[in-house]
Structures are given as structure tokens and as C-alpha cells.
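Student: pasting the sequence and the predicted model now:
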Amino acid sequence: MTAAAARRRPLLRMILGRLAIGVFTLAVISVLIFLAVSLLPGDIAQQVLGQSATPETVAAFRRELGLDQPLLWRYLGWVGGVLSGDFGNSLANGRPVGELLAARLGNTLFLAAYAAVIAVPLAVGLGLLAALWRGSWFDRIANVATLTAISFPEFFIAYILMFWLSVRMGWLPSIADPGASPSLGQMLTRAFLPAITLVLVVTAHMMRMTRAAVVNVLGAPYVTMARLKGVSRAGVVTRHALPNALAPIVNVVALNIAWLITGVVIVEVVFVYPGLGQLMVDSVTNRDIPVVQACALIFAAVYILLNLLADVLSIATNPRLLHPR
């Protein structure tokens, strides 16, 4: 076995172990989702058909939905369908759930990517500047601004931005629905307000973590030696501090990107953005159980996957974690 292969084995074992934990966690979450939906009060068949439906019609609809079967068999049937790519049909319009998810998931991923492209460079850059000018007026203002942004919930920030930039100034549309077959420019314009809302929420956390990680490394002996050798402050941060502080920064960036995808429900509802979160809220209102279960499972799977990616990247960028003493 070569030396390179020997070095890759701990990382491969770690990835496989994290993957097994992720699969087990997703299985447990699928059970919780199914139980939570199944234990909702009221008869789903009766609520979908309405109070005017006859008992025979309700009983036939319950058989059609499989509600007359034991809970375990219903869960196994649902999981088997999910594994084969069949999420069932919507109770609201009869369309395949997978078709509804495909249309909305792309919009949610676009919004998350839009926010991440702005938030990640901004947060890392501000964190580096705050660490470089630690104790200065810039550092103090950045800390106050980030603490303020973290303190406000996303719906409050969304309504403030909507009021000033849309209602008062009229610069941007308050409704983020781009319509059918929009151009890239229309999508960027319509999604700007929800994207900026998400940017303000996640940038504060990433910026503070970047600053803390870089400041912690700046106290290391090798950084002091670099300073004594005459390396500039910017060179110390970019060439010595940042590479060694990369693991916690990568970890918090990946976790915040996971939140951008799974935590957009409130922002999508406020701006009426046609994403997966808006679809889930509408389905809860309509008691469209197959869609609710599918949305919840997809959010859980994405979050678990990106958490796994965060673990792998943080360990891969810090070899000491691969070979603990």
C-alpha cells in the first residue's frame, strides 16, 4: 500500500461512518414525520371530501388512501414508494407529488444559491477585516451590526426590507413570484428581497465565526514569528492565519448553506416566493398529507447531507482531526 493510499484510508473510513450515521438519522426522521402526520387530529378523508360526503364515500376514499391498513404497513408502503421515486399523488389536485416537488425545489435551490453567492464572500471578507483590525472602530461596528442582525427573526427583517425598499421607495417588487418562464434578470430582480433577507440572517453568524477563528490563530507562536520576520498584517492573515482557521470557517459556511435551503419557509411565505417552503405551508393548510411528508423528508435529507459535507470538509481541512492522539 502506498503512502498516499494510507493517508486516504482514515478520511474514507470517516466518510463512510458519517454516511452510515446520516442514513440512520434520516430513517429515524422518516418515522417521526410519518407518525406526526398520522397522529394529526381529525379524519383526513372526511376533511378532504367535506362534511357533505356520505359515509360510504368517506370509507371508499379511506381505502383508496390506505388509511384502513395498519400503521406499520402504511409506513413501509410509503418508504418503499419514496425509495423507488414515487411520493404518491397530491390530495389537492391529483398530480404526482414528485412533479410538484421538482417545480418548486429548483426555485428554492436558486434562492439559496443566490443568497449564498452574496453572503459567503461578504461574511468571510468582513470577518477577515474585523480580525485584521481587531479593537478598531470597524471591528466594533461590525460586532454591533452582526449582533443586531442575529437578534432579529427573519420575518421581521423581511417585513422591514419590504416596507422600505418596496412600499416606501418602490425600488423592488414586494411579491417575489417571477411568473411563468421568467428570464434570468427577472428571477434575480424578483428574488432580490428574499435573498437579501437571508443574506442578513446568515452573514452575521458566518462573519463572527470567521473573526473568532482567525483571531484565535493570530495568537499562535508561528504567527508571532511571522510578524517578527517582518510579514505584513495582511500577509499574516491571508498566508498564515486563514489557512489554519479554515476548518471552523468551512464548517459554519456549510451549515449556514444548509439553513439557507431548509430554513427558507418563513421567507418564502412572506414574499410569496414559489419555493418548496411555500408549497409545504400551502399543503399543511389544505391537509395535503403526501406533499407535506415529501417536503419534510426532502428538507431533512438536504440538511443531513450538508451536515455530512460540513463534517467531511472541516476534517479534511484539518489533518490533526484525522489522526487524533
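Tutor: Alright, I've got the coordinates.
Student: pull out the buried residues from the lowest-mean-pLDDT helix or strand in the chain.
Tutor: Ranked by mean pLDDT, DSSP states H and E, the weakest helix or strand in the chain is helix 44-49, scoring a mean of 71. Within helix 44-49, the residues that count as buried by 16 or more other CB atoms under 10 Å are 44-45, 48-49. Every C-beta, even on glycine, is put in place using the N, C-alpha and C of the backbone.
Student: ok, the residues you listed vs residue 191, which is closest?
Tutor: Closest approach to residue 191 among the buried residues of helix 44-49 (CB to CB): residue 48, at 33.0 Å.
Student: tell me which element the closest residue in space to that closest one that isn't next to it in sequence is part of?
Tutor: Sequence neighbours aside, residue 91 is the residue nearest to residue 48 in space, at 5.4 Å (criterion: CB to CB, 6 or more residues apart in numbering). For residue 91, there is no enclosing helix or strand under DSSP states H and E.
Student: next, count neighbours for residue 91.
Tutor: 22 (other CB atoms under 10 Å).
Student: I'd say it and residue 288 touch.
Tutor: Yes - under the criterion of CB atoms under 8 Å, residue 91 makes contact with residue 288 at 4.9 Å.
Student: mind listing what the residue nearest to residue 48 touches?
Tutor: By CB atoms under 8 Å, 6 or more residues apart in numbering, the contact list for residue 91 reads 44, 48, 65, 286-291.
Student: these into CSV, with extra columns for secondary structure and distance to residue 105?
Tutor: Formatted as CSV, the contacts of residue 91 follow (DSSP: H, G, I helix; E, B strand; the rest coil; distance: CB to CB, whole Å):
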residue, secondary structure, distance to residue 105
44, helix, 25
48, helix, 25
65, helix, 24
286, coil, 19
287, coil, 22
288, coil, 16
289, helix, 19
290, helix, 16
291, helix, 12
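Student: compare these and tell me which has the most neighbours.
Tutor: Most neighbours among those, by other CB under 10 Å: residue 291, with 28 neighbours.
Student: where in the stretch 1-150 of the chain is pLDDT low?
Tutor: For the stretch 1-150 of the chain, the stretches with pLDDT under 70 are 1-8, 42-43, 46.
Student: my bad, should have said the stretch 201-325 of the chain
Tutor: The stretch 201-325 of the chain contains residues with pLDDT under 70 at 318-325.
Student: now do the helices in it.
Tutor: Assigned by DSSP state H, counting those that start in this stretch, the stretch 201-325 of the chain shows helices spanning 221-228, 233-235, 242-244, 246-262, 265-271, 276-285, 289-316.
Student: about what we covered before: need the max-distance pair from the contacts of residue 91.
Tutor: Between any two of the contacts of residue 91, the greatest separation by CB to CB is 14.6 Å, found for 65 and 286.
Student: thought residue 162 was touching residue 173?
Tutor: No - taking CB under 8 Å as the definition, residue 162 is not a contact partner of residue 173, at 9.7 Å.
Student: give me the common contacts of the two.
Tutor: Joint contacts of residue 162 and residue 173 (CB under 8 Å, 6+ apart) are residue 193.
Student: still on that earlier bit, list just the nearest of the buried residues of helix 44-49 to residue 313.
Tutor: Closest to residue 313, out of all of those and judged by CB to CB, is residue 44, at 42.0 Å.
Student: now residue 134: closest residue in space, sequence neighbours ignored.
Tutor: Nearest non-adjacent residue to residue 134, counting by CB to CB, 6+ apart: residue 215, 6.1 Å away.
Student: what's near enough to touch residue 146?
Tutor: Residue 146 neighbours (CB under 8 Å, 6+ apart): 203-205, 207-208.
Student: nearest to residue 76, of the residues you listed?
Tutor: Distances from residue 76 to the contacts of residue 146, taken by CB to CB, are shortest for residue 205, at 39.7 Å.
Student: measure the closest residue to that closest one other than its chain neighbours to residue 71 for me?
Tutor: Leaving aside its sequence neighbours, residue 205 sits nearest to residue 256 (CB to CB, 6+ apart; 6.1 Å). Going from residue 256 to residue 71 by CB to CB, to the nearest Å gives 37 Å.
Student: between the two, who's got more neighbours?
Tutor: Counted by other CB under 10 Å, residue 256 and residue 71 do not tie: residue 256 has more neighbours, with 25 against 12.
Student: and that one, what does it touch?
Tutor: The neighbourhood of residue 256, defined by CB under 8 Å, 6+ apart, consists of 119, 202, 205-206.
Student: before we move on, the earlier item: what does the least confident helix or strand of the chain contact?
Tutor: 53, 57-58, 61-62, 65, 67, 91, 287, 289.
Student: contacting residues around stretch 69-86?
Tutor: The list of residues contacting stretch 69-86 from outside it, by CB under 8 Å, 6+ apart, reads 30-31, 34-35, 38, 66-67, 87-88, 96, 98, 293-294, 297.
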